[in-house]
Every structure is written in C-alpha cells, then in structure tokens.
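Chemist: below is the sequence, then the predicted model.
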Amino acid sequence: MTQVKGSEGKPLSPERRSQQFEATEYDAHQEKQRWRNWTLNDVPFYKGKGQSLEQNPFDWHHFDYLNYYDQVYGRKCGAGGIGKLREVALVVVSEDDDYTNHPYFKDDPAYMSRLGFQHTKGVDVERLRQQQEAYAEVLKQNGVSVYWVKFPHRAMGAFGPMTNRTAAASLMIIPGGSIIPKKPYSLSPTSGFGQAEYLGRWAFWNLSIPPLLTIMGKGTWGPGVFLADDIYCQAMSIETDDEGMRQVEPVLRRQCGEHLRIQRIYTPDHQYFDPATGIGARADMIIAPLDLRTVLVHSPGVDVDTVKWLWDSGYKVIEADADERMALPCSSILLEPGHVIMPANAPKTIAAVGRAGIQVTAVEYNDHDAIGMGIRSATMQILRDNGPRRFS
C-alpha cells in the first residue's frame, strides 16, 4: 500500500491523513449509492432479460454526459444563465489580501499599482472580512448556499506569492464543470497564473466539479456575463483575445446549448481599468442582467454594435451613473430575474434600477474597491436553476 507522506518525507499518521483528506460531498454520495437496491433496470437502454440481441451497440453514442453527471458526482452544477441562484463560493479573507504587504510592492509599488485601483493606500483587512461575511449573510437570507474557499498562507503562483485571491469569479462554472481562464494582465504578475487553477482544484476536490477546459497555448480569456440562458456577453479586451474565445466558444455551446447567442463587446481601451472613465476589461464591469429584458450598462465601456444589438433586441437599458464608476455598479449579482444585489456606494445607480421595477438589495462592499473587486468578481456562481431564454 502506498504511504501518504508529509512535507518532510515522513509517513503521515492516520490522524494527519484524515486532516489532509477530509470527507467531501462525493464521499457522502458514494455512501448513499452503496445502500441503493441496484438492478439492471437502473442501466439506460437495458431491454430486459433475454433481449440482449436487441441491444443497439451504438446506444451509448447518443447518451449525453449531463444525463449521468450528477449520478457520478452526487450534485448538479452550472450557472450558465440567469435562473434563481442556489449556490456560490466566496474566499476567506486573510492578511495576505493586503497587497501592500506583498514583497513586489516593496520592489516597485508603481508597477504593482498600475491598473487604476487604489492599491497603495493599503487594505483594511478586518473591514474587508466583515463586508465579505455580511455579504455572505445576505446571500443566505435569500436562500443561497455559501461555500468558503480558504487559500493556504502565502499561496504561490507561477511567479511568486499570489494576489487577487478573493476573485472567486475567476473560475467560471457552467453545466457539467468549470472553465479555467488564462489572464495576461491582472492585479499583479502573479494573480493570473495560479489563482484560478487553485480554485479549479478546490472545486473539483470539494464539490466534484471537474475542469472542462483550461485555456491553452497563447490564448487569453476571462469569464463573461449571461444576460439570459441563451445569451452570453464576452468583453474582448486586454484580458480576452480571439484565440481564447476560439477555445471557449465550442465548450459554451456544447454545455449551454448550440443556439447560444455570444455577443462580443469590444472595449475601447488598453487598460484593465481606467478610473477616469470606468472602462474595464471584464464584461461584469460594463454590463449586468437585471431581468430577462432589462440590463444595466456602463456606456463608456460598451461598443456601438453592442448598444445597437441591445436596442434592436428589445432590451430596456439602464445607464450606470458615471460618477459612481469606482463603485463598479455593474459588478452585481442577480439573485433571480427582477432581484439583484448591488454595492451600496452606488446610490444613484441603485435608484435608477429601482425605478425600472427591479428589486435591489444593497450591500456594503466599498473596501474591496481598493483591490479592484466588485461583488460579482468576488462570487463564484456554482449553481442556478434553469432560467428564461430570449430567442430559443
């Protein structure tokens, strides 16, 4: 039998093995399955005793992966749409999330603060933690289950200590599994190379959500935003290029429906975030669903073809207030069509959304602004109900 060894090369005691490999939802599912009264009638395409010659040997070629995914793993997953939100994951805030303590800040603070957010002012970690926990309580009060991701102390990426760890939305979860991005330009040289991979590993080990795709080669890609179960918006920017989308589009269509409308938004800037205009490199900085026919838009970041498509498609377009751009009002979380969680420090935008007939739950999340973290960016959406569709 292979022995499990610790970091010093010594075999782990049974107690330490149990600490390292904790029981997961998969283990509970396996235990439940062991006690089922299984028969061949539980097997798809079985025709009954004496009918083996009638069995089409190609039946399984037409059996969809999603038809048995939850039988294997004991759960469903996927937030590819705008149905009622059921499960999310947030990251436990720690002292490592004060980026001014990062060794690279001491080497070159200007380089590490070049993306438009106020990194150099420091982070109030305790307040950050309080806001994260208060946000989690709001989610729970609205019927959403919350999982917590805990990064190890001084988690390492490809090029040194990680940053941007609380950006749980880096991992995109669609029906059947996750997509692990490859970011070329994020809050530091280390945050885009290891943080999402850790989240993917966490989701697979703890929730049995396997990776469906990791962006390979020289492609770059960061998650986009669903406006409906059949409409997906992708910002084409410093974060996402054509090669990245070439890899992602087939997976999105396979898992979310071949008639999925993919709207590319070509953002008019070369930066990750421009504080003067509020233009951002991610779709969740510039557009957000409010219900099936209403969207919130930060207009300076959206190209004219997308604006025309929204109006031609019959959307009611609510403009985010330009003076509230640093609050990232579009980085909101739709609980279900017609009910959205938004940052409390965007009162004028909240009022405009309310006048459109949308219920708004406001949460204090302003301490995350210093690290470029909107509400949506901090939220790994794990599971949604099937929601409404616009065109199919």
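Modeler: Everything's here; your move.

Chemist: please make it C-alpha for all contacts and neighbour counts, starting now.
Modeler: Noted.

Chemist: give me the contacts around stretch 170-186.
Modeler: 65-66, 69, 76-80, 115, 192-193, 196-197, 199-200, 209-216, 219-223, 238-240, 252, 255-256, 272, 377, 380-383 (CA atoms under 8 Å, 6 or more residues apart in numbering).

Chemist: can you name the next helix or strand after the helix-or-strand element of the chain with minimal mean pLDDT?
Modeler: Ranking every helix and strand in the chain by mean pLDDT, DSSP states H and E puts helix 14-20 at the bottom, with a mean of 44. Using DSSP states H and E, the helix or strand that follows helix 14-20 towards the C-terminus is helix 25-34.

Chemist: distance from that next one to the middle of the chain?
Modeler: The chain centre lies 26 Å from the centre of helix 25-34; the measure is CA atoms, centre = their mean, to the nearest Å.

Chemist: pull out the buried residues from it.
Modeler: Neighbour counts using 16 or more other CA atoms under 10 Å place 26, 29 of helix 25-34 among the buried residues.

Chemist: just after that helix, pick out the following helix or strand.
Modeler: helix 69-73.

Chemist: any chance you could list what contacts that following helix?
Modeler: 26, 29, 75-76, 176, 208-209.

Chemist: if we use 6 Å, what do you get?
Modeler: Contacts with helix 69-73, where a contact means CA atoms under 6 Å, 6 or more residues apart in numbering, come from 26, 76, 208.

Chemist: show me which residues of that helix are buried.
Modeler: Of the residues in helix 69-73, those buried (16+ other CA under 10 Å) are 69, 73.

Chemist: got the CA coordinates for it in CSV?
Modeler: Written as CSV, here are the backbone C-alpha positions of helix 69-73 (Å, rounded to 0.1, in the frame of the first residue of the first chain):
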residue,chain,number,x,y,z
TYR,A,69,-23.0,13.7,-14.4
ASP,A,70,-25.0,14.0,-11.1
GLN,A,71,-25.2,10.2,-10.8
VAL,A,72,-21.4,10.1,-10.7
TYR,A,73,-20.7,13.1,-8.6
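
Chemist: average pLDDT across the helix or strand just after it?
Modeler: Later in the chain than helix 69-73, the nearest helix or strand by DSSP H and E is strand 85-91. When pLDDT is averaged over strand 85-91, the result is 97.

Chemist: geometric centre of this protein: which residue is closest?
Modeler: A169 (2.9 Å; CA atoms, centre = their mean).

Chemist: E54 versus the nearest residue to that one once chain neighbours are set aside, what's the distance?
Modeler: Spatially, and ignoring its direct neighbours in sequence, A169 is nearest to M380 (4.3 Å; CA to CA, 6 or more residues apart in numbering). From M380 across to E54, the span is 46 Å (CA to CA, to the nearest Å).

Chemist: who has more neighbours out of those two?
Modeler: Between M380 and E54, M380 has the larger neighbour count (other CA atoms under 10 Å), namely 26 against 10.

Chemist: how close does the more buried one sit to V149?
Modeler: For M380, the distance to V149 (CA to CA) stands at 10 Å.

Chemist: from the contacts of stretch 170-186, list the buried ones, please.
Modeler: 69, 76-80, 115, 192-193, 196-197, 199-200, 209-212, 214-215, 219-223, 238-240, 252, 255-256, 272, 377, 380-383.

Chemist: out of those residues, list just those in helices.
Modeler: In this view, those that belong to helices under DSSP state H are 69, 196-197, 199-200, 252, 255-256.

Chemist: D230: what's its closest spatial neighbour, skipping adjacent residues?
Modeler: Excluding the flanking residues, the one nearest D230 by CA to CA, 6+ apart is L260, at 4.6 Å.

Chemist: ok so, going back, wait, isn't the residue nearest to the centre of the chain in contact with Q381?
Modeler: No. The criterion here is CA atoms under 6 Å, and A169 misses it with Q381 at 7.0 Å.

Chemist: if you drop the residues flanking it in sequence, what lies closest to K106?
Modeler: T100 (7.8 Å).

Chemist: from D274, how far off is that neighbour?
Modeler: 21 Å.

Chemist: same check, this time on G357
Modeler: In this view, G357 and D274 are 30 Å apart by CA to CA.

Chemist: likewise for P343?
Modeler: Taking CA to CA, one finds P343 at 19 Å from D274.

Chemist: now Q195
Modeler: Noted for Q195: a distance of 23 Å to D274, by CA to CA.

Chemist: near the residue nearest to K106, how many other residues are there?
Modeler: 18.

Chemist: first-to-last residue distance for stretch 206-218?
Modeler: 30 Å.

Chemist: what lies in contact with that stretch?
Modeler: For stretch 206-218, contacts defined as CA under 6 Å, 6+ apart pick out 24, 73, 177-182, 203-204.
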